[in-house]
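**Q** here is a sequence together with a model predicted from it:
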Amino acid sequence: MEKVVISIIIPVYQVKLYLRECLESVRSQTYKNLEIILVDDGSDDGSEIICDEYAGKDSRFHVIHQSNRGTAYARKVGVRHSTGEYIGFIDGDDWVSIDIYKKMWIPIYTNNADMVICLKNICQDNNGYTCSEDPVALEGMYTKKEGINEICKYLFWGQDNHKEGVAINLVDKLFKRDLIMKYIEQVDDRLRYFEDAACVIPCLMEAENIYMINEPLYYYRQRMGSACHSIDTMYLEQINIFYTSILNRMQDDMDDLKQRFDKYFVSRVYEGINRIMGLSFKHNLPIYVPPVSMFPSNDRIVIYGAGKVGRDYYRMMQIMCPSRIVGWVDKQWKSLQKLGIVASSIENLKEWSYDRIIIAVLFEDNAINIKASLIRMGIETEKIFWSSPRTILDD
């Protein structure tokens with residue numbers, strides 16, 4: 001059973017605090033036939049020293065030092081220097097499970113897949129909380145049909161048109177060399193927010209066969225100071241570059257895909273406007289709609305969760321039906337209050353009088369865990385509710 005060489009490209013910039021965890025997770029892989037290319041993109045915080053250290057003790061590691069050009073360009077440089085038959089990516093502040101590439105290699109060997117996709121664990125750096133992505137499609141092989149891969153019916157949004165669709169990150173995927181090289185070189189170097197999507201979307205459309213693994217094997221660290229979680233005034237210009245480049249790839253008969261792409265585009269514009277304008281949760285334009293219409297109009301409601309979904313639910317209820325809000329709770333209520341968010345302790349649920357607790361989180365497994373904790377507190381099951389969050393763009 002011959003194993004192919006897999007090249008892993010890791011752009012590195014000012015991630016000294018996280019880099020060793022990342023590199024150790026790759027170095028310790030059960031799949032050994034790896035080529036690991038570290039592209040130091042002008043780091044001066046000690047990350048560049050760690051890169052050289054790992055290249056010195058493991059011959060599979062190769063380091064490229066360059067002046068700062070951004071993540072998109074660093075990835076291109078890494079791919080150009082790679083030799084693997086398949087190529088994957090890791091961000092320098094993330095890490096991977098010990099057997100991610102062994103598990104992703106199996107469908108390569110058995111099915112000659114053009115792409116393999118796994119799920120991610122989403123890790124909040126500020127509080128250590130981790131949840132895994134929900135599957136959006138059945139595990140297995142998806143093939144090209146009528147000029148586009150079948151997996152694209154789950155692109156941008158799930159088939160029910162409001163759940164998250166197939167992730168358009170680079171890091172949770174392996175690509176056949178010819179496929180990724182074709183499209184990564186076409187990514188506009190000006191892109192800082194949508195460089196992943198600009199490459200992944202055409203790869204998904206073009207691939208002859210894609211294998212989905214419904215297991216979270218990649219650990220994606222969310223840091224508030226990272227580039228993908230900060231937005232500046234260039235955002236709208238960049239999303240226009242991204243939108244135009246993808247729309248030009250869609251054929252005239254891809255109406256369904258175009259509609260879902262337009263919805264995705266509008267949701268990103270919404271998010272960008274809120275953040276560029278510096279609108280606080282008290283004044284932002286909410287996109288997630290609380291499911292209050294599902295309950296009697298006199299039901300008194302508590303919102304559980306003060307992330308993006310929870311903030312939108314609270315804001316929307318303030319506009320639509322403020323008298324129905326009994327309270328808003330979150331595990332991190334103390335730190336949130338310092339930011340001006342009026343969430344309070346979960347312990348208040350023992351004192352308040354209410355008819356319904358709406359769990360305001362995006363992923364179902366997170367909601368299941370929250371529901372279990374509420375039941376352990378003695379809260380009646382019938383009072384606890386979660387549904388996959390819908391947006392104002394849904395029908």
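**A** Looks like it came in fine.
**Q** can you give me the mean pLDDT across the longest helix seen in the chain?
**A** Using DSSP state H to define each element, the chain has its longest helix at helix 255-276. The average pLDDT within helix 255-276 is 80.
**Q** so where's the stretch 251-395 of the chain shaky on pLDDT?
**A** 275-284, 395 (pLDDT under 70).
**Q** quick one, strands of it?
**A** Per DSSP state E, counting those that start in this stretch, the stretch 251-395 of the chain carries strands over the ranges 288-289, 301-304, 325-329, 356-359, 384-385, 390-391.
**Q** and the fourth one, what other elements does it pack with?
**A** Judged by 3 or more Cβ pairs under 8 Å, 6 or more residues apart in numbering; DSSP states H and E, the packing partners of strand 356-359 are strand 301-304, helix 364-376, strand 384-385. The way it works is simple: take the backbone N, C-alpha and C, and place the C-beta from them, glycine included.
**Q** mind jotting down where the helices sit in the stretch 101-250 of the chain?
**A** Chain-ordered helices for the stretch 101-250 of the chain, with DSSP state H, counting those that start in this stretch as the definition, fall at 177-184, 195-206, 235-247.
**Q** list the buried residues of the longest strand along the chain.
**A** Longest strand of the chain, by residue count under DSSP state E: strand 209-222. Residues 209-214, 216-221 are the ones in strand 209-222 that count as buried (16 or more other Cβ atoms under 10 Å).
**Q** what's around the closest residue to Y270 other than its chain neighbours, how many residues?
**A** Leaving aside its sequence neighbours, Y270 sits nearest to I287 (Cβ to Cβ, 6 or more residues apart in numbering; 5.0 Å). Number of residues near I287 (other Cβ atoms under 10 Å) recorded here: 20.
**Q** doesn't S267 make contact with I287?
**A** Yes: counting by Cβ atoms under 8 Å, I287 touches S267, with 6.0 Å between them.
**Q** how close does the closest residue to S387 other than its chain neighbours get to Y313?
**A** The shortest distance from S387 to any non-neighbouring residue, by Cβ to Cβ, 6+ apart, is to P291 (5.4 Å). According to Cβ to Cβ, to the nearest Å, P291 stands 9 Å off from Y313.
**Q** again with Y304
**A** Y304 sits 10 Å away from Y313, going by Cβ to Cβ.
**Q** now do the shared contacts for those two.
**A** Listed contacts common to Y304 and Y313 are 358, 360; contacts here mean Cβ atoms under 8 Å, 6 or more residues apart in numbering.
**Q** which helices and strands does the helix or strand harbouring L38 pack with?
**A** L38 belongs to strand 34-41 when assigned by DSSP states H and E. Judged by 3+ Cβ pairs under 8 Å, 6+ apart, strand 34-41 is in contact with strand 6-12, helix 16-27, helix 47-57, strand 61-66, helix 71-81.
**Q** one more time with 10 Å, if that's ok
**A** Other elements packing on strand 34-41 under the criterion 3 or more Cβ pairs under 10 Å, 6 or more residues apart in numbering; DSSP states H and E are strand 6-12, helix 16-27, helix 47-57, strand 61-66, helix 71-81, strand 86-89.
**Q** distance to I392 and mean neighbour count for these - can I get that in CSV?
**A** Shown next, in CSV, are those (distance: least, Cβ to Cβ, whole Å; neighbours: other Cβ atoms under 10 Å):
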stretch, distance to I392, mean neighbour count
strand 6-12, 35, 26
helix 16-27, 36, 18
helix 47-57, 41, 17
strand 61-66, 43, 17
helix 71-81, 31, 20
strand 86-89, 33, 26
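**Q** tell me which of these lies nearest to K258.
**A** K258 sits nearest to helix 71-81 of all these, at 24.8 Å, using Cβ to Cβ.
**Q** what angle separates that closest one from strand 61-66?
**A** On the basis of axes from the mean of the first three to the mean of the last three Cα atoms, to 10 degrees, helix 71-81 is oriented at 130 degrees to strand 61-66.
**Q** how far out from the middle of the chain is helix 71-81?
**A** Averaging C-alpha positions (Cα atoms, centre = their mean, to the nearest Å) puts helix 71-81 21 Å from its chain's average.
**Q** extract the CA atoms of the longest strand of the chain and return them as PDB.
**A** In PDB, the C-alpha atoms belonging to strand 209-222 read as follows (Å, rounded to 0.1, in the frame of the first residue of the first chain):
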ATOM      1  CA  ASN A 209     -14.600  13.800  -7.000                       C
ATOM      2  CA  ILE A 210     -14.600  15.100  -3.400                       C
ATOM      3  CA  TYR A 211     -14.700  12.900  -0.300                       C
ATOM      4  CA  MET A 212     -16.300  14.300   2.800                       C
ATOM      5  CA  ILE A 213     -15.200  13.100   6.300                       C
ATOM      6  CA  ASN A 214     -17.700  14.000   9.000                       C
ATOM      7  CA  GLU A 215     -15.100  14.000  11.800                       C
ATOM      8  CA  PRO A 216     -13.500  17.200  13.300                       C
ATOM      9  CA  LEU A 217      -9.800  16.700  12.700                       C
ATOM     10  CA  TYR A 218      -8.600  20.300  12.500                       C
ATOM     11  CA  TYR A 219      -8.400  22.700  15.400                       C
ATOM     12  CA  TYR A 220      -9.200  26.200  14.300                       C
ATOM     13  CA  ARG A 221      -8.200  28.900  16.900                       C
ATOM     14  CA  GLN A 222     -10.300  32.000  16.900                       C
END
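**Q** nice, that's everything, thank you.
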